[in-house]
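Participant: next come a sequence and a model predicted from it.
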Amino acid sequence: MILRYGYVSTALSLWEASPSRTLTFTNWKKLSKEARREKLYYLTEQNLRNTIRILHYNIAHGIDVYRMSSSLVPLATHPEVRWDFITPFTALFKEIGVLVQKHKLRVSFHPNQFTLFTSSKNHVTENAIVDMTYHYDILRAMGLERKATINLHVGGAYGNKEEAIEQFNQNFLKLDKNIRMQTTLENDDKTYTAKETLKICEKNGLPFVFDYHHHWVNSGKESWEELLPKIFATWEGTGHPPKFHLSSPKSEKQIRAHADYVGIDFAKNFIKPLKAFGKSADIMIEAKAKDRAALKLIEDLSKLRGFKRLSGGAMEV
């Protein structure tokens, strides 16, 4: 089987390549109308150009899996700022899309934890729809709206998990169907276990992104190995192998925090059941050292018996 590895947002090995340069609403208000426009345009252009730099870096290093920054466009969803961030940067968005498709890269987004559909408060759902639409509009500008995914956590439980799940099932239907079709769900480290998240995915016809670190912290005494057939089944028909998330706990006391790198033994414990299952998958490394962590893990694993490195970011197991 083939395992491809990727990383999140920023290539630390590149100089000044952040794709997440931003502007606070407080500072935006202090500027004149013209200065506001210039600042938003400048930051957005820098983020998009740095994304292009990162994609070229990934291509050069054989890294096919990459999560784009959700902060590409500063203040894009702020109710008092919302602006046309597509038209001025049409060429740059298209350039990103062409690179991704030409080199058959797998890209995605992961909105923050406030983008959720479990709340009974209408404004929370409305804000989630606005944020999901923002991500989808960017993908559409890139020509990737049918290829890339937007990954979410289920959300809060608010003291009654069953009611919250039902709220999710109702609120999620308020989202445009095209956007729903590109959505994936991930188990979290505090509330929704892998088994619970998988059931919600099956109910809504969504692919399930299994996070091993989150499961390690919040397993609910469930065996994720037993869920593998159903996890893979949620990805059937998507044109993609299943995606998994991998990171190591920072310390014994900070078990939820992500370490800079992924421990080799922690990774082996995760990969062993995948190897036994025998089907290819993509693995998003969520370590703090970003690209360096992904490349180091691949190098460390490639030294072990049974792991054959195929490229910078892929190996046969």
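Facilitator: Yep, it's here.
Participant: hey, let's count contacts and neighbours off CA atoms from now on
Facilitator: Will do.
Participant: quick one: contacts for the most centrally placed residue in the chain?
Facilitator: In the chain, the residue lying closest to the centroid (CA atoms, centre = their mean) is His110, at 3.7 Å. When contacts are counted by CA atoms under 8 Å, 6 or more residues apart in numbering, His110 touches 67, 69-70, 150-152.
Participant: please repeat the previous calculation with a cut-off of 10 Å.
Facilitator: By CA atoms under 10 Å, 6 or more residues apart in numbering, the contact list for His110 reads 8, 67-70, 132, 135, 149-153, 183-185.
Participant: same thing with Lys94?
Facilitator: 100, 139-144.
Participant: what do you get for Phe172?
Facilitator: For Phe172, the contact set (CA under 10 Å, 6+ apart) comprises 116-118, 125, 128-129, 166, 180, 204.
Participant: inside helices: which ones of the residues you listed?
Facilitator: Secondary structure defined by DSSP state H assigns 125, 128-129, 166, 180, 204 of the contacts of Phe172 to helices.
Participant: name the nearest of those relative to Trp83.
Facilitator: Proximity of the ones in helices among the contacts of Phe172 to Trp83 was ranked by CA to CA; the top entry is Ile129 with 16.7 Å.
Participant: count of neighbours near the nearest residue in space to that closest one that is not next to it in sequence?
Facilitator: Counting by CA to CA, 6 or more residues apart in numbering, Ile129 lies nearest to Leu175, which is 6.0 Å off, once chain neighbours are set aside. By other CA atoms under 10 Å, the residues close to Leu175 number 19.
Participant: next: Tyr134.
Facilitator: 18.
Participant: and it, what element?
Facilitator: Here Tyr134, judged by DSSP states H and E, is contained in helix 122-142.
Participant: what packs against that helix?
Facilitator: Counting by 3 or more CA pairs under 10 Å, 6 or more residues apart in numbering; DSSP states H and E, the packing neighbours recorded for helix 122-142 are helix 90-102, strand 106-109, strand 149-153, helix 161-172, helix 177-180.
Participant: same list (the ones you listed) but as a markdown table, adding mean pLDDT.
Facilitator: Shown next, in a markdown table, are those (pLDDT from 0 to 100):
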| stretch | mean pLDDT |
| --- | --- |
| helix 90-102 | 98 |
| strand 106-109 | 98 |
| strand 149-153 | 98 |
| helix 161-172 | 97 |
| helix 177-180 | 98 |
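Participant: mind putting these in TSV, distance to Leu310 included?
Facilitator: Shown next, in TSV, are those (distance: least, CA to CA, whole Å):
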stretch	distance to Leu310
helix 90-102	20
strand 106-109	17
strand 149-153	25
helix 161-172	40
helix 177-180	34
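Participant: let me know which of these is the nearest to Asp189.
Facilitator: strand 149-153 (10.0 Å).
Participant: sheet-wise, list the partners of the closest one with their directions.
Facilitator: Looking at strand 149-153 with DSSP bridges, its partner strands are strand 106-109 (parallel), strand 183-186 (parallel).
Participant: this completes my enquiry, with thanks.
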